[in-house]
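1. I would like to see how this sequence folds:
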Amino acid sequence: MIEQILPEYYQYAIDLGYSVATEELSFELEDGEKLDVTRLFMNTSPPSPIGLRSDILKVEPYWNSFWGYIRTSSWAFDGERSDLHDLISSIVAITLRATNNISTSLLTQEHPLTHLYGIDMSNEIHSRLISFERHNLMNFQLSEETEFITGRIIHSSFLSAFIMDTVLSYTEPHIPDFKSYHEKAKKIATYLDGEYNHEKHNFMARNKPFWAWFRSFESKISVFELGSKVLDKLKHLFSKSYIPTNLEGVTKKIIITDKLGNAVNRKRYDKGLELLEFLESNYEQVKIVPIEDRFFILGREHLISIDDDCGEKSFKDEVKAVRNRNDMERSVLFPVTQFVWQEKINGERFEKLIRDIFVVDPSVRWIKRVGSGTQGDGGKDLEMEMVFKKQILIDSNEPPYEIKKILVQCKAYQSNVNKSNVQDIRDTIDMHGADGYHLVVSSQITRQLHEYLRNLRDRGMLIDWWNREDIEDRLRMHPEIVGRYPDIVQ
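-> Below you'll find the model as predicted:
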């Protein structure tokens, strides 16, 4: 059975020289359902901390999920190893972005002592998971496209291991020298946060060869002191493959390479440059590499990592802000598409339109209609399963993704939809055993309903809503859908 579902990317990892293994696992979902999967383990070498993981559902159509895993061993390194996990995952992420246009997220796994005994270990980085949600690898079926992109990830990860070994001399002892960096760590902490606090800051230095690391968990900034030779080599390695186009947005810097865009918060960007000036006094040779949840500044002697929402939504929001700000840029970046909506809309047809929009969303596993647009819906017209990136990682055996059942309610109204038109959402979610709720209206929602939905989301509930403009934004990305519904929108 395993041989029948092993993908080509697994064989490619073997051909490159990865150390591989498989294991049969079973996970219990919140509703009690069990998922049986085959897990593929792919490490760049037997002792390497750089690995890739894939879970393959053991029933057709054999859904795959794919992520990276970074964890060092106490057999290989002395001392607390947060610096290693932060640095190695950063090098992997930079290599993926700079050589193969892969934009990732770096997720820190919660320390087992915190989970088991409630001990606060929030100033340590126990391990890192690398998530590929931007490239729709949370939940996917095998195709030429997915085999191609996973192959690129496997190739870049192998290259990052080579960079760690040759450029950063990873296999050398790197003997901990904690005390030697204490004064400098205190200076950086004071510069960023006013004073040093061992609960909010962590640092490490290692010798033979030297590198040093500082992390502010308050400012969410890491500093790696690696020396000019290492930084020069890194910049040279990526000089031909990473040639970004930089645009000034409204509040962010837009960075695009080969049609893949990220957006960096300008205040965070300026803070990073100011920190680099504090450390080096000169940052003429700076290179900026963004990924989904942070960006990196490569200076003369330092690599700085700054947590920031630089991902797809941030990019699209900033491009939209640019479009609204400047008519000329709007005409260049976005051919104007105006939609004309019919005055009267059939509820059942509207549900089908919304279903078709969700079908092309790669994070939706399945979606189905549960009634007629003319019948009482009990607060739901559509049901779907969506894949989300986990916010908290507890068990290293768990994949970084989770599946949620979402109820979708569609309202084809001529007038604005208000709170009285919507059933109690908490009761609706509980009644149907769902995890979240999504309201879609053909018109607009009132301020009162908007505040109600936002308050529910602020309390941690999985709530979302679309009005007419949100629907139009998605139809612009998928104009083929519009032609199926001339009775609704043209």
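2. For stretch 216-223, measure first residue to last.
-> 9 Å (C-alpha to C-alpha, to the nearest Å).
3. buried ones in it?
-> 216-217, 219, 221-223 (16 or more other C-beta atoms under 10 Å). (Each C-beta comes from the backbone N, C-alpha and C, glycine too.)
4. ok, which pair from these is furthest apart?
-> Spanning the widest gap among the buried residues of stretch 216-223 are 217 and 223, at 12.9 Å by C-beta to C-beta.
5. tell me which residues of the biggest helix by length in the chain are tucked away?
-> Secondary structure of the chain read by DSSP state H shows that its longest helix is helix 144-166. Under the neighbour-count criterion of 16+ other C-beta under 10 Å, helix 144-166 has 146, 149-161, 163-164 buried.
6. same check, this time on stretch 181-200
-> Neighbour-count burial for stretch 181-200 flags 181, 184-185, 188-189, 192-193, 196, 200 (criterion: 16+ other C-beta under 10 Å).
7. likewise stretch 356-365?
-> Of the residues in stretch 356-365, 356-358, 363-365 count as buried by neighbour count, 16+ other C-beta under 10 Å.
8. swap in stretch 30-47?
-> Buried, per 16+ other C-beta under 10 Å, within stretch 30-47: 35, 37-44.
9. Adding distance to residue 403 and pLDDT, write those out as JSON lines.
-> Formatted as JSON lines, these follow (distance: C-beta to C-beta, whole Å; pLDDT from 0 to 100):
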{"residue": "35", "distance to residue 403": "8", "pLDDT": "86"}
{"residue": "37", "distance to residue 403": "12", "pLDDT": "92"}
{"residue": "38", "distance to residue 403": "17", "pLDDT": "94"}
{"residue": "39", "distance to residue 403": "16", "pLDDT": "95"}
{"residue": "40", "distance to residue 403": "19", "pLDDT": "97"}
{"residue": "41", "distance to residue 403": "22", "pLDDT": "97"}
{"residue": "42", "distance to residue 403": "23", "pLDDT": "97"}
{"residue": "43", "distance to residue 403": "27", "pLDDT": "96"}
{"residue": "44", "distance to residue 403": "29", "pLDDT": "96"}
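10. Run through the residues that contact the spatially most central residue of the chain.
-> The residue lying closest to the centre of the chain (C-alpha atoms, centre = their mean) is residue 105, at 4.0 Å. Contacts of residue 105 were listed using C-beta atoms under 8 Å, 6 or more residues apart in numbering, and they are 130-131, 133-134, 291-293, 311, 389.
11. Tell me the spacing between residue 282 and residue 218.
-> Separation of residue 282 from residue 218 (C-beta to C-beta, to the nearest Å) stands at 27 Å.
12. ok so, going back, check the gap between the residue nearest to the centre of the chain and residue 66 for me.
-> According to C-beta to C-beta, residue 105 stands 13 Å off from residue 66.
13. What of residue 305?
-> 23 Å.
14. cool, residue 366 as well?
-> 19 Å.
15. In terms of neighbours, single out the busier of those two.
-> residue 66 (29 against 10; other C-beta atoms under 10 Å).
16. Near the spatially closest residue to the more buried one that is not a sequence neighbour, how many other residues are there?
-> Leaving aside its sequence neighbours, residue 66 sits nearest to residue 137 (C-beta to C-beta, 6 or more residues apart in numbering; 4.3 Å). Per other C-beta under 10 Å, the neighbour tally for residue 137 reads 23.
17. Report the secondary structure state of residue 137.
-> Assigned with DSSP: H, G, I helix; E, B strand; the rest coil, residue 137 falls in the coil class.
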